[in-house]
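Undergrad: Need coordinates for the below:
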Amino acid sequence: MCDTRAFGWHERQSVDQVDRLYAVRRRRRVLVPVALALGLALTVAWAVQMGSVDIPPGTVLRISLHRLWPGIPPTWPPSHEAIILDVRWPRILLEMLVGAALATSGCTMQGLFRNPMASPYTLGIASGAAFGAALAIVLGLPFYVLPAMAFLLALATVFVVYRVAGARGGTAMETLLLAGLAVGSFFSALVSFMLYIAGEKLAGIVFWLMGGFWASDWDKVTIALPLIALGTGGILLFSRDLDLLLLGDEQAQSLGVDTERVKKIVLALSSLTTAAAVCVTGVIGFVGIIVPHLMRILVGPGHRLLLPTSCLVGAILLICTDTLARSVIQPTEIPVGIITALLGVPFFIYLLRRRKQILEW
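TA: Numbering: from 1, shown residues only. This is a model prediction of the structure:
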C-alpha cells in the first residue's frame, strides 16, 4: 500500500523548496538593482575627482552643489569650477547615457535575434552613422552638424535594412541579420572611400571612428538625454514580450504577443537608442556584447531584471573605461573605443570557445 503520509510530506517539501526559490528571486530583483545603483553613484563620485588637475573631494562637492544652491560661498578658483561643471560633469553624464544605451540595445538585439553574438550595431547602424559623420567632415560642414548627420544616416540605414528584409508574411530575424550585414558592408565601403579622399581631414574621421568623449559638452548631453531615455524606457516596457519571443514566434503568438508589431517597435527603439549614442561619441564597440552576457550569468535570462541591470552596468563600465583612458597617459588620453576593444576582444574569444565546447558536447 502507498504511504499517503510520506507522499504528503514529500509534497510539502517540494512546495517549501519552490517557495524558498521564489523568495530568493524576489529578493534578487530588489537587491541587485539597488546594489548596482549604489555602485553607479560611487563610480560617478570617484570619476568626477579624477583628472590631470587634482581637486579635493570636498571642493568637488561644493562646486557641484553651488549651481543648485547659490548660497554656498565660492571659496575655490574659477578654473576649478570650469573644470568640474563644464568639463567633467557633462563628460561623465554622457558616459552614463552612452553606456546605458549600448548595453540596453545589445541586450535587446541578443534577445530578438536569439543570438549571443548580436550587438547594438548588428543592423549596420555603426556603419551608417560613420558614413554620415565622415561625409560631414569631408564636406567641411560645421561641427554641430556632424551629430545630426550621423544620427540621420544611422536611422536611414535601419530603414533600408528593414525594407530589404521585409516580406508580406513578416520579417524573419535571420533575413534581417543578413540584410544588416549587407547594408552595413555597403556603408563601410563608403566610409573607406571617404577616408581615401579626406586628405588633411583624415585625422578627424579616424578620431571619430575610434570613439571617445573628448568633445563632450552640455549640448551633446541635451541631444542624447531625451532620445536615449525614450529608447531605453520604451524597451523596458516590452521586457515581458522579449521573454516570450525567446520561446519562438509561434509560441509567443499563442500566448497573445503580436510578434511583428513587437519586433518593429523594439527594433525601432533599439535603433533610436544606438543612433543617439553613436552620433555624439563615435563608434564604441563591445559594450553591448560584454555587459548583457555578464548580467545574464548573474541575474538570469529574464528581461525584466536583465534589461535594467544591463543599463546600470553599462553606465558603470563606460565611466570606468573612459576614466582609465584619460588617466593612463596624462595630459593626453586614449580613445575609449580602444580600451573597450582591448577588454572586449578576449571576452568575445571566450564566448566563441565556450559556444564551440557546448556544440561539441
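
Undergrad: helix/strand/coil for the residue sitting nearest the centre point of the chain?
TA: The residue lying closest to the centre of the chain (C-alpha atoms, centre = their mean) is residue 102, at 1.4 Å. On the three-state scheme (DSSP: H, G, I helix; E, B strand; the rest coil), residue 102 is labelled helix.

Undergrad: ok now do it, which residues does it touch?
TA: 120, 274, 277, 284, 287, 288, 291, 314, 318 (C-beta atoms under 8 Å, 6 or more residues apart in numbering). Using the backbone N, CA and C atoms, a C-beta is placed for each residue, glycine as well.

Undergrad: hmm, 10 Å instead?
TA: Residue 102 is in contact with 119-121, 228, 273-274, 277-278, 281, 284-291, 310-311, 314-315, 317-318, 340, counting by C-beta atoms under 10 Å, 6 or more residues apart in numbering.

Undergrad: So which of those belong to helices?
TA: Applying DSSP state H to these, the entries found in helices are 228, 273-274, 277-278, 281, 287-291, 310-311, 314-315, 317-318, 340.

Undergrad: Quick one: neighbours of residue 130, just the number.
TA: Using other C-beta atoms under 10 Å, residue 130 is surrounded by 27 other residues.

Undergrad: show me where the chain has strands.
TA: Applying DSSP state E to the chain gives no strands.

Undergrad: which residues of it score low on pLDDT?
TA: 1-25, 167-171, 351, 355-361 (pLDDT under 70).

Undergrad: ok now stretch 86-100, how far from the chain's centre?
TA: Put simply, stretch 86-100 sits 13 Å off its chain's centre (C-alpha atoms, centre = their mean, to the nearest Å).

Undergrad: tell me which residues of it are tucked away?
TA: The neighbour-count check on stretch 86-100 (16 or more other C-beta atoms under 10 Å) flags 88-100 as buried.

Undergrad: isn't residue 57 right next to residue 84, touching?
TA: No - with contact defined as C-beta atoms under 10 Å, residue 57 does not count as touching residue 84 (11.3 Å).

Undergrad: between these two, what contacts are shared?
TA: With C-beta under 10 Å, 6+ apart, residue 57 and residue 84 have common neighbours 48, 49.

Undergrad: Please say which of these two ends up with more neighbours.
TA: Neighbours of residue 57 and residue 84, each counted by other C-beta under 10 Å, are more numerous for residue 84; the result is 24 against 11.

Undergrad: mind listing what that one touches?
TA: 48-49, 51, 53, 55, 59-64, 66-67, 76.

Undergrad: Just put the residues you listed in TSV and tack on distance to residue 186 and neighbour count.
TA: TSV is the format used below for those (distance: C-beta to C-beta, whole Å; neighbours: other C-beta atoms under 10 Å):
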residue	distance to residue 186	neighbour count
48	42	22
49	45	16
51	41	18
53	45	13
55	48	20
59	52	16
60	47	19
61	50	15
62	53	19
63	48	23
64	46	17
66	51	17
67	46	12
76	52	17
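
Undergrad: Might you report the residue contacts of residue 173?
TA: Contacts for residue 173 (C-beta under 10 Å, 6+ apart) come out as 109, 112, 113, 114, 115, 118, 165, 245, 249, 263, 267.

Undergrad: The last one against residue 166, yeah?
TA: Put plainly, it is residue 267. No - look at residue 267 against residue 166 with C-beta under 10 Å: they stay out of range, at 11.7 Å.

Undergrad: shared neighbours, those two?
TA: Common neighbours of residue 267 and residue 166, counting by C-beta under 10 Å, 6+ apart, are residue 176.

Undergrad: between these two, which one's more packed in?
TA: Between residue 267 and residue 166, residue 267 has the larger neighbour count (other C-beta under 10 Å), namely 20 against 13.

Undergrad: now the more buried one: how far from residue 159?
TA: 11 Å (C-beta to C-beta, to the nearest Å).

Undergrad: what touches both of the two?
TA: Jointly contacting residue 267 and residue 159 under the rule C-beta under 10 Å, 6+ apart is no residue at all.

Undergrad: sorry, back to before: relative to residue 236, which of the contacts of residue 84 is nearest.
TA: Distance to residue 236 across the contacts of residue 84 (C-beta to C-beta) is lowest for residue 48, with 27.1 Å.
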